[in-house]
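Undergrad: Sequence first, then the predicted structure:
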Amino acid sequence: MANYKLLIEYVGTKYSGWQIQDSAPSIQGAIEQAVFDFCGEKVECYSAGRTDAGVHAIAMPAHIKTSKEYDIYKILMGLNFHLLKNNHDISIINVEKVDDDFHARFSCQKRFYIYKILNRPIRPVIEKDRVWWVYKPLDWKLMHDVAQNLLGKHDFSSFRASECQAISPIKTLDYIGINKIGDIIQINVNAKSFLHHQVRNIVGTLELVGEGKISNQDFIDILEAKDRKMAGPTAPACGLYFEKALY
């Protein structure tokens, strides 16, 4: 067996998410089909993160195992040929051979996400489905300051989706930073792992902070309540990007 690490870029708008679905297109399904079209092998493609429908990736690591070795360049170009041929919004940006024990999900030590809010009165056209459009002015500096309450180890039940299958709601957030570039408010977060919808639920709550509807103490109370009903709405999937992972 040969084990290959892939780095994948994709726009998630027209997909049901990473994971294969019976009746909807998925990122995983498209890549596994491209591998089959390339070399005739049926493989399972495992990723560092199982992104939801509509979520994008800048450099999503994944791995596949094949029964024999293939030339790296041929894999790279062959998979991209078939993805393009089938009109997928997915590109393989790098391929490398890795040790047999490498696993894109379980070997991962840290995951990085970006969330983008377009904060202006006019709706997006070029960036449609790539950002969350919020027309009301947001105080991004206040959002950044309040977000620092999330650093470290906490019970994140207030920001956990009801369908989350994680054994524990306790996670450790290593970094959260917010800045503004032009009309884009960018939220960067990283941790070893996240709960289902954790980032989007945090962003939805911080947006209320930016509007002035939630104070710093309110935010602390929400975190400590460990109750999803106390926090803000789930931010739209279109603004979320899996940025990278460290191993």
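TA: Sure, I can see it. Numbering: from 1, shown residues only.
Undergrad: for residue 32, what are its contacts?
TA: If you count contacts by C-beta atoms under 8 Å, 6 or more residues apart in numbering, residue 32 has them with 20, 42, 43, 44, 45, 64. C-betas here are computed from N, CA, C, even on glycine.
Undergrad: Would it be right to say that it lies in a helix?
TA: Yes - counting by DSSP: H, G, I helix; E, B strand; the rest coil, one finds residue 32 located in a helix.
Undergrad: Mind pulling the model confidence for the residue located most distally from the centre of the chain?
TA: Within the chain, the residue lying farthest from the chain centre (C-alpha atoms, centre = their mean) is residue 68, at 31.3 Å. Predicted confidence (pLDDT) for residue 68: 93.
Undergrad: which among the contacts of residue 32 gets closest to residue 221?
TA: Of all those, the one sitting nearest residue 221 is residue 20; the distance, using C-beta to C-beta, is 40.1 Å.
Undergrad: what about the closest one, which SS state?
TA: Using three-state DSSP, the secondary structure recorded for residue 20 is coil.
Undergrad: Settle this for me: it is touching residue 31, isn't it.
TA: No - look at residue 20 against residue 31 with C-beta atoms under 8 Å: they stay out of range, at 10.0 Å.
Undergrad: Please say which of those two ends up with more neighbours.
TA: Shown here are residue 20 and residue 31; by other C-beta atoms under 10 Å, residue 31 has more neighbours (25 against 16).
Undergrad: Please name the nearest non-neighbouring residue to that one.
TA: Nearest residue to residue 31, sequence neighbours excluded (C-beta to C-beta, 6 or more residues apart in numbering): residue 45, at 4.8 Å.
Undergrad: what about the one you found, how many neighbours?
TA: That count, for residue 45 with other C-beta under 10 Å as the rule, works out to 23.
Undergrad: Now do the strands in the chain.
TA: With strands called from DSSP state E, the chain shows them at 2-10, 46-47, 56-66, 90-98, 110-119, 132-134, 152-155, 170-181, 184-191, 240-246.
Undergrad: Quick check: which ranges of the protein have low pLDDT?
TA: For the chain, no stretch is flagged by pLDDT under 70.
Undergrad: Show me how the record splits it into domains.
TA: Annotated domains of the chain cover 2-98, 113-246 [automatic domain parsing].
Undergrad: List the contacts of residue 6.
TA: 31, 45, 61, 62, 63, 64, 79, 92, 94, 95.
Undergrad: any idea how far the fourth one is from residue 195?
TA: So that's residue 62. Applying C-beta to C-beta, to the nearest Å, the value for residue 62 to residue 195 is 21 Å.
Undergrad: Ok, residue 170 next?
TA: Applying C-beta to C-beta to residue 170 and residue 195 gives a distance of 9 Å.
Undergrad: any chance of the domains of the chain in CSV, plus distance to residue 104?
TA: Listed next are these as CSV, based on distance: least, C-beta to C-beta, whole Å:
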stretch, distance to residue 104
domain 2-98, 4
domain 113-246, 8
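Undergrad: do you know which of those domains lies nearest residue 105?
TA: Closest among the domains of the chain, once you apply C-beta to C-beta, is domain 2-98, at 5.5 Å.
Undergrad: got the contacts of residue 32 as CSV, with distance to residue 181 columns?
TA: Below are these laid out as CSV (distance: C-beta to C-beta, whole Å):
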residue, distance to residue 181
20, 36
42, 44
43, 39
44, 38
45, 33
64, 36
